[in-house]
Structures are given as structure tokens and as C-alpha cells.
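got a sequence here, can you model it:
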Amino acid sequence: MPIHQPSGPATEPAVDTSSQPSADLVALSSNELMVARRLAYDPENDALGEGDLWVEYMESEDDCMAARQIVPFDTFTLSVWHTLAADMFEERSDERDASQIDQLIERRGLFPHDPANGPRRIALPAIELQIALEKDIKAGSCRIANARIRVDALDQLSGMEPDFYTNPEAISTAGWDALSVTIFEQTCTAPTGGRFGNIFDQPDLTTGTPLAHARAQLFELQTALATAKRSRRQDPVFKIYVRSMMDELLAMPPLLEAIHNDHSGAFRIVAAFLDDHHPEWSEGLSKNQAFSPLLPLPVDWNGHVDIVGLVQDSRARMSAETVGVAPQFFGLYAGRRDGSSVWLGAAACEADAHALVTGLG
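Modelled structure (predicted):
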């Protein structure tokens, strides 16, 4: 196996995203966008002066977290996108790890909307989706039959979780305005001086891939099943609510395989429900070893593994050679056929790293 010499526990089941489609546009919240604008800011080539940029940044901190800003991918460098992705996933930025960008595009890439594939999606956190639905429920204008059930499930979600998605038409104007009075109007200023696009003005675009939508459904389904009392489980509306999420999950084999191989028990209630109601769900799915110190190799692995001496702080992993210091540990990166690489894991010393590579077969 060719090797280039040197020159954590997740709450989501690992899914190989190397075959995900690419996107030229990304949906960001106002604050995510202004964080990126500050990181990339060049006063010599930006329409905003430093004072005006700071004002927009402060305004963005008070805005909602719905991903409504349409941002061309080429607006920022890969380094900035890695920083944004790492913040979203609550991990260290690593510019060698292309899977961070894969996950960003999976969740926030903007793709052409085909009505034949169902409603279009907008990404937002669980708490804000809950607030918007609550507003419509109280006003008696809710457009979702299972809104109360969904609100109760979203209320239980906390900690690291995926984006959630909703059809923008499923929530009233008043519901969206409860999150932000400018949600349909003003967006952030681009470096050129114009304004970024607004997802609400682009009915031809939808946010995230089917895998991202199913992943969000998995979190919601796990929570709904774990917290529902017996009486609610017998409610016909609850059964329809669960069935709709289950149908989306069953149509996503990569996620089913990840659940099948999840040894953390994070989704054991969903797995048990699948066993009871869809006993054939795991047929043909591969079973990994009970434990591996490394993440799975990408499906488009090119046969190479890089061993890199690394250092890290609270925000980033970096090459020790680039920084000019001794390595704290050694990272393993699997090469992909497009020339990129993805993180596999780490070892305390170089000899242990070589032993892990040898163990890959």
C-alpha cells in the first residue's frame, strides 16, 4: 500500500459523503455569513469600510439562524469554508480534511428544486423551527397537521445535532417574522457592494441533499419515539408523522448502514422500531467490526494514506512542519481519486501510525 511519509466520539452515525453532489451556492445564516466576511475581509478590496462591516456583524448576531443567505462558494477561500464547517460541526478546522467541505455541502448546498421530488427545504436549528411552529399553532394558522407533535419532539432536542429542514410554505409569514423581521427583506452586503440573495426569493432552489434531510429525520424520529407516551404512540396523527419520517429513512441505504453499524447506542430506539415494523431493513447491509480506531476508508479511496505530524489548538489541526514545531501526534489521511484527502484518525507516535496503516490491509 503506497504511503506518503510525513513531509473523536460522534453523535451522528458516520456516513461516507464522498459521492455527494457539489454545489456552487451555499445557504448560510446571517451570522455565519458575517463571521466568514470578517475572516476574509480585505479593506483594500471590499465595498464596506471596517466600521460598516462591524455594524453588519453586530446586526447579524441579533438575527435568526435560518440559513437564508445565498452565498456563492467562490466568495470565500477553502480555508474560510473549513473554519465555518468546523464551527457548525463543533470540531477543529482541518484544511487537509475534505470531508468537512463534503458535510457542509450535504447540509447547506443549494440545489435546483424539482417539485416532483417533494417540497423544497430551508435549513434552520430545531429551536427556531419550534418557535415558528408554535407561533402558527397559537394563531390558529398552522399548516401542518402534526405541528404539535413535531414541536414536542423538537423541544427535547439539544446539544450537537444536524440542521433541520422545513418547507417555507408550511409556515406563515407571521411565523417566519417571529424569527426575524427582515427574513424576507434585507440580506448582508457582499464584498462587491451588492447584496447576497435571499432563499425566500428563490423558489427554484432547495437546501441540502436527500441524505441531509434523512439525517435530520433520524434525529427527530429518535427523539419522538423516545419521548412519546403509550397514548401518543396510538394517536393516528403520530403514526402518520412517524411513518413519513420512516419512509424517508428507509429510502436512504447509506444511513441505514450507518445505524446498523452504530455501536454508541445513540439510535437504538429507531433500530428497535425498524426491527419491529420493518424486520427486513438490515438485510444485505454490511456489518463492521465492533471497534476500529480509524474511520472507514472513502469509497473513492486511491490507495494512498498520508501520515502527517500535527499540532492542534482549540480551533484547528495543523501540520507541525508548517508551524515549525515538533508534532503532538500523527494524523492519518486517506487520499481520494480527485486528489483530496479525508481524516481517518490519529496515533500518538509515527510507529503507531504506520501500524494502523498496515492494519488497513
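
give me the residue at the spatial middle of the chain.
Centroid-nearest residue in the chain: residue 107, 4.3 Å away (criterion: CA atoms, centre = their mean).

pLDDT weak spots in the protein?
Low-confidence segments of the chain (pLDDT under 70): 1-21, 158-161, 288-292, 361.

so which bits of the longest helix seen in it are buried?
As assigned by DSSP state H, the longest helix anywhere in the chain is helix 210-227. By neighbour count on 16 or more other CB atoms under 10 Å, the buried set for helix 210-227 is 210-225. C-beta: built from backbone N, CA, C; applies to glycine.

can you check stretch 117-137 too?
Buried, per 16+ other CB under 10 Å, within stretch 117-137: 120-126, 128-136.

inside helices: which ones of those?
126, 128, 129, 130, 131, 132, 133, 134, 135, 136.

and those as TSV, adding distance to residue 234?
Shown next, in TSV, are those (distance: CB to CB, whole Å):
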residue	distance to residue 234
126	25
128	30
129	26
130	24
131	29
132	28
133	23
134	24
135	29
136	26
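
just the C-alpha atoms of the longest helix of the chain, please, in CSV.
Coordinates of each C-alpha in helix 210-227 appear next as CSV, following Å, rounded to 0.1, in the frame of the first residue of the first chain:
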residue,chain,number,x,y,z
PRO,A,210,-31.6,13.9,0.5
LEU,A,211,-29.0,12.4,2.9
ALA,A,212,-29.0,15.6,5.0
HIS,A,213,-32.8,15.6,5.1
ALA,A,214,-32.9,11.9,6.1
ARG,A,215,-30.3,12.5,8.8
ALA,A,216,-32.4,15.3,10.3
GLN,A,217,-35.4,13.0,10.2
LEU,A,218,-33.4,10.4,12.0
PHE,A,219,-32.7,12.7,14.9
GLU,A,220,-36.3,13.8,15.1
LEU,A,221,-37.6,10.3,14.8
GLN,A,222,-35.3,9.0,17.6
THR,A,223,-36.4,11.8,19.9
ALA,A,224,-40.1,11.4,19.0
LEU,A,225,-40.1,7.7,19.7
ALA,A,226,-38.0,8.1,22.9
THR,A,227,-40.3,10.7,24.5
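
chain center to the next helix-or-strand element following that helix: distance?
Once the chain leaves helix 210-227, the next helix or strand it forms, by DSSP states H and E, is helix 230-233. Relative to its chain's centre, helix 230-233 lies at 31 Å (CA atoms, centre = their mean, to the nearest Å).

pull the residues that contact helix 230-233.
149, 238, 239 (CB atoms under 8 Å, 6 or more residues apart in numbering).

do the same with stretch 277-291
246, 250, 253, 256, 257, 260, 261, 263, 274, 275, 296.

filter these down to the buried ones, PyMOL style.
Selection of buried members from these for PyMOL, criterion 16+ other CB under 10 Å:
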select buried, resi 246+256+257+260+261+274+296
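
what ranges do the strands span in this structure?
Taking DSSP state E as the criterion, the chain contains strands spanning 3-4, 25-28, 69-72, 110-112, 122-124, 164-166, 197-198, 205-207, 301-312, 317-319, 329-336, 341-347.

which strands and helices sit next to the second one?
Other elements packing on strand 25-28 under the criterion 3 or more CB pairs under 8 Å, 6 or more residues apart in numbering; DSSP states H and E are strand 69-72, helix 99-108, strand 110-112.

switch to 10 Å and redo it
Using 3 or more CB pairs under 10 Å, 6 or more residues apart in numbering; DSSP states H and E, the elements in contact with strand 25-28 are helix 30-40, strand 69-72, helix 78-89, helix 99-108, strand 110-112, strand 122-124, strand 205-207.

what of the fourth one?
Counting contacts by 3+ CB pairs under 10 Å, 6+ apart, strand 110-112 packs against strand 25-28, strand 69-72, strand 205-207.

figure out which of these is closest to residue 99.
strand 25-28 (16.1 Å; CB to CB).

chain center to the closest one, what's the gap?
12 Å.

restricting to C-alpha, output that strand in CSV.
Extracted in CSV, the C-alpha atoms of strand 25-28 (Å, rounded to 0.1, in the frame of the first residue of the first chain):
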residue,chain,number,x,y,z
LEU,A,25,-24.2,28.0,-3.9
VAL,A,26,-24.3,27.6,-0.1
ALA,A,27,-27.1,28.7,2.3
LEU,A,28,-25.8,30.5,5.5
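
before we move on, back to that, of the contacts of stretch 277-291, which belong to helices?
246, 250, 253, 256, 257, 260, 274, 275.

break the protein down into its domains, please.
25-207, 295-359 (automatic domain parsing).

next, format the contacts of helix 230-233 as a markdown table and append neighbour count and distance to residue 169.
Below are those laid out as a markdown table (neighbours: other CB atoms under 10 Å; distance: CB to CB, whole Å):
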| residue | neighbour count | distance to residue 169 |
| --- | --- | --- |
| 149 | 19 | 20 |
| 238 | 20 | 23 |
| 239 | 13 | 24 |
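
can you put those residues in CSV and add distance to residue 98?
Shown next, in CSV, are the contacts of helix 230-233 (distance: CB to CB, whole Å):
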residue, distance to residue 98
149, 38
238, 40
239, 41
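
name the nearest of the residues you listed relative to residue 307.
Closest to residue 307 out of the contacts of helix 230-233 is residue 149 (49.8 Å), distances taken as CB to CB.

what about that closest one, distance to residue 342?
38 Å (CB to CB, to the nearest Å).

how far away is residue 237 from residue 243?
Counting by CB to CB, the gap from residue 237 to residue 243 is 11 Å.

Throw the helices and strands packed on strand 110-112 into a markdown table and include distance to residue 84 and mean neighbour count, thanks.
Converted to a markdown table, the helices and strands packed on strand 110-112 look like this (distance: least, CB to CB, whole Å; neighbours: other CB atoms under 10 Å):
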| stretch | distance to residue 84 | mean neighbour count |
| --- | --- | --- |
| strand 25-28 | 7 | 25 |
| strand 69-72 | 10 | 22 |
| strand 205-207 | 15 | 25 |
